[in-house]
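> Just need the structure, nothing else, for what follows:
(one chain, ligands or ions: 2)
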Amino acid sequence: MNNIVVLGSMNMDMVLDVEQYPKEGETILARSMEKIPGGKGANQAVAASRLGSNVFMIAKIGMDENGEILLANLKKDNINIENVYIDKVNPTGNAIITINKSGNNSIIVVSGSNMKITSKDLDKAKKVIDSDKDIMVSQFETPIDITVKAFKLAKEKNIITILNPAPAHKVPKELLENVDIIVPNETEFLKITGVEINNTQDARVGCENLFNKGVKYVIVTLGEKGSMILSKQKEELIPAKKVKAIDTTAAGDSFIGALASKIDAKNLNFDNLKSAVEFSSEVSSIVVTKKGAQFSIPYLKDIK
Ligand code: ATP
Ligand code: RIB
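Ligands and ions are numbered 1, 2, ... in the order given. Below you'll find the predicted structure:
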């Protein structure tokens, strides 16, 4: 069990079930619409907490019903919400998620209060980024400059930092220098390295610059093909479990939450990272068989 700080987004997901995505200019009918708690940061926090870790959330919601629901959910999941701030002007983040009949999704995020986290907010939250924490996790649905500042603080306290560069965005050098583990999917890997992955050789070429900047491990998630772990010296492909996916939303988030929860933070090496990745793949394979972001994330007791 780790003590984990998550700096990240909280969104209310509006999930639409469709036969297939509309073409440009087309109007279609959805089969259903559901309101489900999500947001990459909150999903990762919920996964880590349900899998047994102590989680501290740094986030910002609006002064509205969605914000209240999301906050209550984090509380129910035993996540520390002392550093979830309230924006009196901007609404809580939303995501419009369309799921087609293959279980794939397309997502549009309306950031709202997520992108309004300020340096002053982080100063208030500073006390949680302390040496009693093992891991800090962040993504790109909140301001990048705040993540840079938070990861610098984390590294000063010897906390292991995990960056999920999602949605895809180039990673500034100042941030890479403070990242221990980066977890992109294939699209994000292409965005941050310029390399399209077809095999491990491509992945290694793409990782070179990341390793030179100080990143210790790169874990590329490859959907149903599994994930690849790379260090400067080694690489390994971890296949995904074979399941029938009905909604892949939060596959990546649950993978990262599980990873943060399972990592041996005091003695991180390739072999124990590989065990953590195997565990994370197991968790995500459960998530894709259920609908909705936080609705689909399992508890430790549900994992074999
Ligand atoms: P999302 O944005 O939908 O949350 P992602 O693109 O960030 O996901 P993926 O690479 O799709 O992340 O998935 C993360 C992990 O989840 C994979 O490495 C794999 O272990 C597991 N996974 C994803 N899709 C499937 C699937 N169809 N079957 C089994 N496991 C899956
Ligand atoms: O990764 C899935 C998440 O992305 C959704 O819950 C949605 O809110 C967007 O942030």
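
> all contacts plus neighbour counts: C-alpha atoms, from now on.
Noted.

> So which residues of this structure form strands?
3-7, 11-17, 32-38, 54-62, 80-87, 93-99, 105-110, 135-138, 160-163, 181-182, 217-221, 227-230, 235-238 (DSSP state E).

> Contacts made by the fourth one with the rest, please.
By CA atoms under 8 Å, 6 or more residues apart in numbering, the surrounding residues in contact with strand 54-62 are 1-10, 42, 45, 48-49, 67, 78-93, 112-114, 116-117, 122, 125, 128.

> Please apply the same query to the fifth one.
Residues outside strand 80-87 that contact it (CA under 8 Å, 6+ apart) are 55-63, 71, 74-75, 113, 116, 121, 124-125.

> same deal with the last one?
Residues outside strand 235-238 that contact it (CA under 8 Å, 6+ apart): 200, 226, 227, 228, 229, 230, 277, 278.

> Tell me how far the fifth one lies from residue 237.
Same thing as residue 229. According to CA to CA, to the nearest Å, residue 229 stands 6 Å off from residue 237.

> who has more neighbours, those two?
Remark: of residue 229 and residue 237, residue 229 carries more neighbours, 22 against 17, as counted by other CA atoms under 10 Å.

> where do the helices sit along this protein?
Along the chain, counting by DSSP state H, helices occupy 40-50, 65-76, 119-125, 144-156, 173-176, 186-193, 200-213, 251-262, 270-287.

> Quick one: list the elements packing against the longest one.
Spelled out, that is helix 270-287. The contact analysis (3 or more CA pairs under 8 Å, 6 or more residues apart in numbering; DSSP states H and E) places helix 270-287 against helix 251-262.

> what does the helix it packs on rub up against?
1-2, 4, 40-41, 43-49, 51-53, 135, 137, 162, 164, 183, 185, 221, 276-277, 279-281, 283-285, 287-288, 297.

> can you do 6 Å?
2, 43, 44, 47, 48, 53, 276, 280, 284 (CA atoms under 6 Å, 6 or more residues apart in numbering).

> Please write out the alpha-carbon positions of that helix in CSV.
The C-alpha trace of helix 251-262 is given here as CSV (Å, rounded to 0.1, in the frame of the first residue of the first chain):
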residue,chain,number,x,y,z
ALA,A,251,-8.7,1.6,-19.0
GLY,A,252,-5.6,3.9,-19.0
ASP,A,253,-6.7,5.6,-15.7
SER,A,254,-7.3,2.4,-13.8
PHE,A,255,-4.0,1.1,-15.1
ILE,A,256,-2.1,4.1,-13.7
GLY,A,257,-4.0,4.1,-10.4
ALA,A,258,-3.2,0.4,-10.0
LEU,A,259,0.4,1.0,-10.9
ALA,A,260,0.8,3.8,-8.3
SER,A,261,-0.8,1.6,-5.7
LYS,A,262,1.3,-1.5,-6.5
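
> ok, is that helix in contact with ligand 1 or not?
Yes: using CA under 6 Å from any ligand atom, helix 251-262 comes into contact with ligand 1 via 251, 252, 253, 255.

> Now do that helix against strand 32-38, angle only.
Compare the direction of helix 251-262 with that of strand 32-38 by axes from the mean of the first three to the mean of the last three CA atoms, to 10 degrees and you get 30 degrees.

> Report the distance from helix 251-262 to the chain centre.
7 Å (CA atoms, centre = their mean, to the nearest Å).
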